[in-house]
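Visitor: Give me coordinates for this.
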Amino acid sequence: MANVALIVHLDINAQALSEFLELARAHGTNSQRIEAGCLRFDVLVSTERDNHVVLVEVYEDDAALESHWNSKHMARYLEQVDGMIENRERYRCEC
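Guide: I've put the predicted structure just below:
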């Protein structure tokens, strides 16, 4: 069975970028530590587009991704970053 990757492009409110990055990086670290099925979680900052962040997440399988989406720490993260994200494009890939 193939691993599942999420590539998420985010445009962040300029005033919230520093706080968002702190929260997103902590969320990525927590996801890898807490979730056995979270294989990778990178937070990338574009050098070509202002206030643009790319999340690269890799999960063992669809069940691991579903578990991530339904986790308490995911709900908390979404509450924390509410209003910071101006635009989101999410791509699900197999790897």
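Visitor: Let me know the helix or strand that the residue most central in space within the chain is in.
Guide: The chain has residue 55 as the residue nearest its centroid, 4.7 Å off, counting by C-alpha atoms, centre = their mean. Following DSSP states H and E, one finds residue 55 within strand 52-59.
Visitor: Following the chain past that strand, name the next helix or strand.
Guide: As assigned by DSSP H and E, the chain's next helix or strand after strand 52-59 is helix 62-69.
Visitor: The top helix by length along the chain to strand 52-59, inter-axis angle?
Guide: For the chain, the helix that runs over the most residues, judged by DSSP state H, is helix 17-34. Going by axes from the mean of the first three to the mean of the last three C-alpha atoms, to 10 degrees, helix 17-34 is angled at 10 degrees with respect to strand 52-59.
Visitor: Run the angle between helix 17-34 and helix 62-69 for me.
Guide: Angle between the axes of helix 17-34 and helix 62-69 is 130 degrees (criterion: the same axes, to 10 degrees).
Visitor: Low-confidence ranges, the protein, go.
Guide: Low-confidence segments of the chain (pLDDT under 70): 1.
Visitor: Who are the contact partners of residue 21?
Guide: Applying C-beta atoms under 8 Å, 6 or more residues apart in numbering, we find residue 21 in contact with 43, 45, 53. All C-beta spots, glycine's among them, are computed from the backbone N, C-alpha and C.
Visitor: Make CSV out of those and add distance to residue 75.
Guide: Converted to CSV, the contacts of residue 21 look like this (distance: C-beta to C-beta, whole Å):
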residue, distance to residue 75
43, 19
45, 25
53, 20
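Visitor: In TSV: those residues, plus distance to residue 73 and neighbour count.
Guide: Output for the contacts of residue 21, formatted as TSV (distance: C-beta to C-beta, whole Å; neighbours: other C-beta atoms under 10 Å):
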residue	distance to residue 73	neighbour count
43	15	21
45	22	13
53	19	19
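Visitor: Perfect, I'm done here.
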